[in-house]
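> fold the following for me, if possible:
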Amino acid sequence: MRALEDKVAIVTGAGQGVGEGVALALAAAGARVVAAGRTAEKVERTAAAVARGGGEALALRCDVTNEDDIRECVERTIAEYGTIDVLVNNAHVPPLGPLAEIPEALFDEGWRTGPLATFRFMRACRPYLMHGGSIVNMGSGSAIRPDLTAFGAYGACKEAIRTLSRAAACEWGRDGIRVNVVLPLAMSPGMAAFLEEHPEARDGVLGAIPLGFIGDSEQDVGPAVVWLCSDAAHYVTGACVCVDGGQDYVR
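Below you'll find the model as predicted:
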């Protein structure tokens, strides 16, 4: 099923991990994808993978902390495709570390690449989404697990994104714009690095997932995003969808 045939989707942080998987899934559903990311080589690789699968993609270098880059990304998308139907805010540099030790500069980077970038991209795309467009922002289960050591700053940034999303859903619903949040758990370079650095944590991570495995960015997270952006979810906005194998966040 090509639920997004002829739609135009911008995906930030599309050069690897969840962003790459979502970009590939959107393209497989028929969307023309703008793969945006701060490393040109990575988003070009994603665009090439889309093309190999028979889809269409435009790779754009975009540092989401730079307002000019965001504006240029939106303008290039409009110049190339004439519209924007979907925005997926996935890019985020995670600020990890115990609250007593994490450098303030790292927390600031997490804020600028996460909530602030999400806010800026949503506002830049809003005029083009008012025909019935959809925004999906990436949250994290760590935002509702404050007991996870070293994830406090990251969770705070992700919870800010969730609040922004709910507010936008309420404020922009009458404009025809739906805004939802996905809380994914999938294998990515970041997850792989974490498990390599902390092999003792693997059993704990897997043990907390009722389905017993870490998801795949394209095959598990991607279809959820496709559904949220499709007409099948036309009455869904302001929702927070956990795509994480059933993790229990209540402690």
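
> and the helix or strand containing Gly19, average pLDDT?
Per DSSP states H and E: Gly19 is located in helix 17-28. Confidence for helix 17-28, expressed as mean pLDDT, is 98.

> what does that helix rub up against?
The contact list for helix 17-28 (Cβ atoms under 8 Å, 6 or more residues apart in numbering) reads 2, 4, 9, 11-14, 33, 35, 37, 42, 46, 49-50, 53, 55-57, 86, 88, 90-91, 138, 184, 186, 188-191, 216-219, 221-223, 225-226, 229. No exception for glycine: its C-beta is placed from N, CA and C like everyone else's.

> and the residue positioned nearest the centre of the chain, what is it in contact with?
Here the mean C-alpha position of the chain is nearest to the C-alpha of Asn90 (Cα atoms, centre = their mean), at a distance of 2.4 Å. By Cβ under 8 Å, 6+ apart, the residues touching Asn90 are 11-14, 18-19, 22, 138.

> report the two of those separated the most.
Spatially, the most separated pair among the contacts of Asn90 is Ala14 and Met138, at 11.8 Å (Cβ to Cβ).

> so for those two, which sits in the more crowded spot?
Legend: neighbour count by other Cβ atoms under 10 Å for Ala14 and Met138, higher for Ala14 (34 against 26).

> what are the phi and psi values at that one?
Backbone torsions of Ala14, given as degrees, to the nearest 10, read phi -90, psi 10.

> in three-state terms, label Ala35 for me.
When classified by DSSP: H, G, I helix; E, B strand; the rest coil, Ala35 comes out as strand.

> for it, give the beta-bridge partners.
Residues in a beta bridge with Ala35, per DSSP bridges, are Val11, Ala59.

> Gln16 is in contact with that one, correct?
No - using Cβ atoms under 8 Å as the test, Ala35 is too far from Gln16 to be in contact (10.6 Å).

> intersection of neighbour lists for these two?
If you check Ala35 and Gln16 against Cβ under 8 Å, 6+ apart, the residues they both contact are Thr46.

> the two - which one has more neighbours?
Ala35 (32 against 18).

> for the chain, which segments count as helices?
Using DSSP state H, the helices of the chain run over residues 17-28, 40-52, 67-81, 104-111, 117-129, 152-172, 189-197, 202-207, 222-229.

> so which of those is nearest Val179?
Among the helices of the chain, the nearest to Val179 by Cβ to Cβ is helix 152-172 (4.1 Å).

> can you give me the buried ones in the closest one?
Within helix 152-172, the residues that qualify as buried are 152-162, 164-166, 168-169, 172, counting by 16 or more other Cβ atoms under 10 Å.

> just stretch 208-221 next, same as before
By neighbour count with 16+ other Cβ under 10 Å, stretch 208-221 contains the buried residues 208-209, 214-215, 217-218, 220-221.

> just these: which has the poorest pLDDT?
Ala208 (83).

> okay, stretch 6-26 in CSV with CA atoms only?
Only the C-alpha atoms of stretch 6-26 are listed here, as CSV (Å, rounded to 0.1, in the frame of the first residue of the first chain):
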residue,chain,number,x,y,z
ASP,A,6,2.8,12.0,-4.2
LYS,A,7,3.1,13.5,-0.7
VAL,A,8,6.3,15.5,0.1
ALA,A,9,8.0,14.8,3.4
ILE,A,10,10.9,16.5,5.1
VAL,A,11,12.8,14.2,7.6
THR,A,12,15.5,15.8,9.8
GLY,A,13,18.4,13.7,11.0
ALA,A,14,17.8,11.4,8.0
GLY,A,15,21.4,10.3,7.6
GLN,A,16,21.3,7.4,10.0
GLY,A,17,19.3,5.5,12.6
VAL,A,18,15.7,6.2,13.1
GLY,A,19,15.7,9.2,10.7
GLU,A,20,17.1,7.1,7.9
GLY,A,21,14.6,4.3,8.6
VAL,A,22,11.7,6.6,8.6
ALA,A,23,12.8,8.3,5.4
LEU,A,24,13.0,4.9,3.7
ALA,A,25,9.6,3.9,5.0
LEU,A,26,8.0,7.1,3.8
